[in-house]
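[1] Predicted model, plus sequence, below.
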Amino acid sequence: MLRITTTTLLLLLTLTTAVQAQSTFTWWNPATASTPVLEGQAWPQEVKNRYDRLPARAEGKVRPVVWNLSRQSAGLMLRFRSNAPEIKVRYVVEGKHALPHMPATGASGVDLYAISSDGDWRWCSARFAFGDTIEYHYRNIEPNDAYHKLGREYRLYLPLYNSVKWMEIGTPEGTLFSSLPARSDKPIVVYGTSIAQGACASRPGMAWTGILSRKLDHPLINLGFSGNGQLEKEVLSMLTEIEAKLYVLDCLPNLVNREYFSLDEVKTRILNAVRTLRQKQATTPILLVEHAGYTDEAINARSRQNYSEVNEVLRAAFAQLQTEGIKELYLLPKQDLEQDIETMVDGTHPNDLGMMRYAQGYERKIREILKEPVGTISTTRPVIQMREPGNYDWDARHREILQMNKTNPPKVLLIGNSITHFWGGLPQGPRATGADSWKAVFDPMGAHNLGYGWDRIENVLWRVYHGELDGYGAQKIYVMIGTNNFHLNTDEEILTGWRQLIEAIKVRQPAATLTMVGVYPRRKEEKRVRELNLKLAALTQEMGVKYLDAGKVLVKPDGTIDESLFTDGLHPNAEGYRKVSKEYR
């Protein structure tokens, strides 16, 4: 007779439960996607292996060590949406653990972040197991925010120092999961050393490049090659192929060995790097970065000499390039990276505190270069949103607008929230309450509708910073935004947001006539709207732009809204839109 002990029975039950749990998950393999989904790849259609960073044609052109490092997935990231209460990631890597002083969770692990429907970042903890197949299990996730039941956006950062062979993401059957395409925005391109690749972050999202990409919310391509960021012409030639928002050259830590690189050679490489980029990319900003120093520099004369010499050379090369007339060239000095005796693992590679300091220094400089300032209150901090996915997809609308502006540049723009979005015009929304008045007034102007339902000032600011006003010259821009900030912000906070938004629009469309449209009146808020619009009128006069109180036609003589012109006390009906449209003629 077969005897089953209690221990054996418990083991069998555990295995059975595990099998059942696994069988209830639906799995998605990024390799099966029909469009690029891996963000951080500059050549997604040319890679030899799915998770490589350089194109297949680079093999044999770059040095073998650079090619092998390019097989490591540093900086690659997947975006998806889900309302699942738990998420599993399982994958296989090719290489061994990279650096003995770097955590396995950073070298070979993954890292999951979420974005709330209001655009706030969240980090997800996991139970993980490292074996032939690495598994991460994210549990106890609140599946939805307050607005809807369709979940939120997630971003999964891939290993920094290992090559991914195969990967799947799983969610329980019956929950929603949808992959998101890699964003088409121009990326920030970083060419650097092991520090850029991610050594020695505790997890992939804590590499300074990952932190920076979240702070700026721009795509970022990480071409950090551990020990081999040497400003080589073969790599630089490939960089020129990338339509970048900004190039970052941070290679000095790999050019300090005088046995291989004389100071004259370092200067020559810096000069050649900038000239090579400028030959193909005439206007893209280039940021040169000084060596951030070492933990022991206060007590080690050799360390001080190593970084001081190359930084002096970089400053000399920077000055020479400026005298040559090279524009859009910038320098990030050592002190702005704020490294000290507490910020490095081994005297060279940052720990998580050091990575955060790197990212903060970079963010300050890059925001200055790209003219993307942020403030301390919510109306001045650009964020995305996903508050109304049942009616439309915010991310998809942004992509559609970018493409439409490229193929059919608009002469006139109407920027706003749902009041603008659901008026009419192109790109089409899920409904067009005032289609007839839009067609009569705005179609002859060549207008585009840049309204998004539920948008606030900070969401419009994000859209301005992310390309919706780039690449063409508009004649007129009308902006009506702020009503969705009423329950969150004071009038002064709204005014501060308007000021920053006006400045951002003027920088990107200096020749356009900008008109700030007063907030339309709304039920039980008429008095606040009137008072706030008076402040907006004064602000526009101060800033040299126009003001239009188009919503005045929607109120009765006693100052309350005319309910016959609204659908819900906030959004005009067709007749309301007809009356308002006459104010824009």
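    Right, received. Where do you want to start?

[2] give me every residue that touches Met516.
    Contact analysis of Met516 by CB atoms under 8 Å, 6 or more residues apart in numbering lists 479-480, 498, 502, 536, 539-540, 545-548. Where C-beta positions appear, they are placed from N, C-alpha and C, glycine not excepted.

[3] run the last query once more with 7 Å
    Met516 sits next to 479, 498, 502, 536, 540, 545, 547 when contact means CB atoms under 7 Å, 6 or more residues apart in numbering.

[4] And for Asp346?
    Asp346 makes contact with His101 under the criterion CB under 7 Å, 6+ apart.

[5] secondary structure class for it?
    coil (DSSP: H, G, I helix; E, B strand; the rest coil).

[6] quick one on the thing from earlier: among the contacts of Met516, which are in strands?
    Applying DSSP state E to those, the entries found in strands are 479, 547.

[7] could the contacts of Met516 go into a markdown table alongside distance to Lys582 and neighbour count?
    Below are the contacts of Met516 laid out as a markdown table (distance: CB to CB, whole Å; neighbours: other CB atoms under 10 Å):
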| residue | distance to Lys582 | neighbour count |
| --- | --- | --- |
| Val479 | 19 | 24 |
| Trp498 | 25 | 25 |
| Ile502 | 25 | 20 |
| Leu536 | 21 | 21 |
| Thr540 | 21 | 19 |
| Val545 | 22 | 18 |
| Tyr547 | 17 | 16 |
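
[8] Which single one of the contacts of Met516 is nearest to Tyr330?
    Ile502 (25.4 Å; CB to CB).

[9] My understanding was that the closest one contacts Gly544; is that so?
    No: counting by CB atoms under 7 Å, no contact exists between Ile502 and Gly544, whose distance comes to 9.2 Å.

[10] Flag the shaky bits of this structure, pLDDT-wise.
    The model of the chain has pLDDT under 70 over residues 1-23, 97-98.

[11] Can you give me the separation between the closest residue to Pro285 other than its chain neighbours and Ala396?
    Nearest in space to Pro285, with sequence neighbours left out and distances taken as CB to CB, 6 or more residues apart in numbering, is Glu328 at 4.4 Å. Using CB to CB, to the nearest Å, one gets 32 Å for the distance from Glu328 to Ala396.

[12] before we move on, what about Gly518?
    30 Å.

[13] can you check Pro430 too?
    12 Å.

[14] Can you tell me the element Gly354 falls in?
    Element membership of Gly354, judged by DSSP states H and E, is helix 352-370.

[15] how about the helices of the stretch 51-200 of the chain, start to end?
    64-70, 104-107, 194-197 (DSSP state H, counting those that start in this stretch).

[16] Now do the second one: everything it contacts.
    Just to be clear, that refers to helix 104-107. 97-99, 130, 159-162, 198, 200-204.

[17] Neighbour-wise, give me the winner out of the residues you listed.
    Leu160 (35 neighbours; other CB atoms under 10 Å).

[18] Correct me if wrong: that residue contacts Cys200.
    No: between Leu160 and Cys200 there is no contact under CB under 7 Å: 9.3 Å.

[19] ok, back up a step: next, the buried residues of the helix holding Gly354.
    352, 354-363, 365-366, 370 (16 or more other CB atoms under 10 Å).

[20] Show me the two of those residues that sit farthest apart.
    Asp352 and Leu370 (25.7 Å).

[21] Ile326 contacts Val274, doesn't it?
    Yes: between Ile326 and Val274 a contact is recorded at 6.4 Å, counting by CB under 7 Å.

[22] Could I get the contacting residues of Val383?
    With CB under 7 Å, 6+ apart, Val383 has these contacts: 119, 458-459, 462.

[23] Apply 6 Å and report the result again.
    119, 458, 462 (CB atoms under 6 Å, 6 or more residues apart in numbering).

[24] and the next element down the chain from the longest helix belonging to the chain?
    The longest helix of the chain (DSSP state H) is helix 301-323. Downstream of helix 301-323, the next assigned helix or strand under DSSP H and E is strand 329-332.

[25] Okay, now the sheet partners of that next one, with direction.
    strand 286-289 (parallel) (DSSP bridges).

[26] any idea how far the strand it pairs with is from the chain center?
    Chain-centre distance of strand 286-289: 20 Å, with CA atoms, centre = their mean, to the nearest Å.

[27] can you check stretch 482-490 too?
    With CA atoms, centre = their mean, you get 25 Å for stretch 482-490.

[28] Flag every buried residue along that stretch.
    In stretch 482-490, counting by 16+ other CB under 10 Å, buried: 482-486, 489.

[29] now Arg81, nearest residue through space, not along the chain?
    Per CB to CB, 6+ apart, closest to Arg81 is Ser178, 5.0 Å.

[30] from memory that neighbour sits against Ser82, does it?
    No: in this structure, Ser178 is not within contact of Ser82 by CB atoms under 6 Å, at 7.6 Å.

[31] Looking at these two, which is more packed in?
    Ser82 (24 against 13).

[32] Pretty sure the more buried one sits against Phe177.
    Yes: the criterion here is CB under 6 Å, and Ser82 meets it with Phe177 at 4.7 Å.

[33] Among the contacts of helix 104-107, which one sits closest to Ile419?
    So of the contacts of helix 104-107, ranked by how close each gets to Ile419 (CB to CB), first place is Pro204, at 41.1 Å.
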